[in-house]
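Asks: predicted model and sequence below, questions to follow.
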Amino acid sequence: MTEPVRAAAKTTAGLAATSEAMQGIISASNNGRFRVAPDAGNELIRIFEDFQNTALRTIRSDMYTLKTRTPLGDSPAGQAIADFNAEVAAGCDGRSYEELITKLQEQVPQVVEAIRKGIEDYQDVDEGNATDIGAQD
């Protein structure tokens with residue numbers, strides 16, 4: 001197994017879990033159920049933007065290497081492995097490496113916006129609580 005194939009197989013499960021977590025933040029924010037303190041929210045934004053600008057670019061590069069038909073000869077086993085590698089990289093079943101990477105790239109701006117909304121919601125609640133406390137004095 002080539003190094004990019006190992007990387008893809010190892011990374012796919014983690015990327016799928018990341019995608020699900022990101023979708024959870026987006027959904028919770030859309031339903032008004034996500035609030036986050038500014039310091040924590042800004043750190044999350046930095047992490048997701050770094051993920052998009054660094055990790056996803058590296059992963060996409062690995063994916064292009066994986067999509068290149070693996071030269072394993074004309075034996076049936078070699079052909080089967082080469083076909084499998086290409087299918088893992090660019091299959092059309094909604095679970096391919098390429099489709100997962102594309103989905104993550106689309107989700108990062110959405111999750112960043114959801115976190116920004118969560119910061120605003122947190123601040124609104126915090127200010128409301130401060131006003132309520134001030135009114136009790």
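Replies: Sure, I can see it.
Asks: quick one: low-confidence parts of this structure?
Replies: Low-confidence segments of the chain, defined by pLDDT under 70, are located at 1-11, 66, 69-70, 87-95, 128-137.
Asks: rerun that using 50 as the cut-off
Replies: For the chain, the stretches with pLDDT under 50 are 1.
Asks: all the helices of it, residue numbers only.
Replies: In order along the chain, the chain carries the following helices (DSSP state H): 3-30, 38-50, 56-67, 76-90, 97-136.
Asks: what's the fourth one packed up against?
Replies: It stands for helix 76-90. If contacts are counted by 3 or more CB pairs under 8 Å, 6 or more residues apart in numbering; DSSP states H and E, helix 76-90 sits against helix 3-30, helix 56-67, helix 97-136. No exception for glycine: its C-beta is placed from N, CA and C like everyone else's.
Asks: okay, the ones you listed, which one's buried deepest?
Replies: Among the helices and strands packed on helix 76-90, helix 56-67 has the highest mean neighbour count (mean count of other CB atoms under 10 Å), at a mean of 17.
Asks: N42: which of the helices and strands packed on helix 76-90 is closest?
Replies: Across the helices and strands packed on helix 76-90, the minimum distance to N42, taken as CB to CB, is reached by helix 97-136, at 7.5 Å.
Asks: what angle separates the closest one from helix 76-90?
Replies: The directions of helix 97-136 and helix 76-90 differ by 30 degrees, with axes from the mean of the first three to the mean of the last three CA atoms, to 10 degrees as the criterion.
Asks: can you name every helix or strand that helix 97-136 contacts?
Replies: The criterion is 3+ CB pairs under 8 Å, 6+ apart, and the helices and strands that helix 97-136 contacts are helix 3-30, helix 38-50, helix 56-67, helix 76-90.
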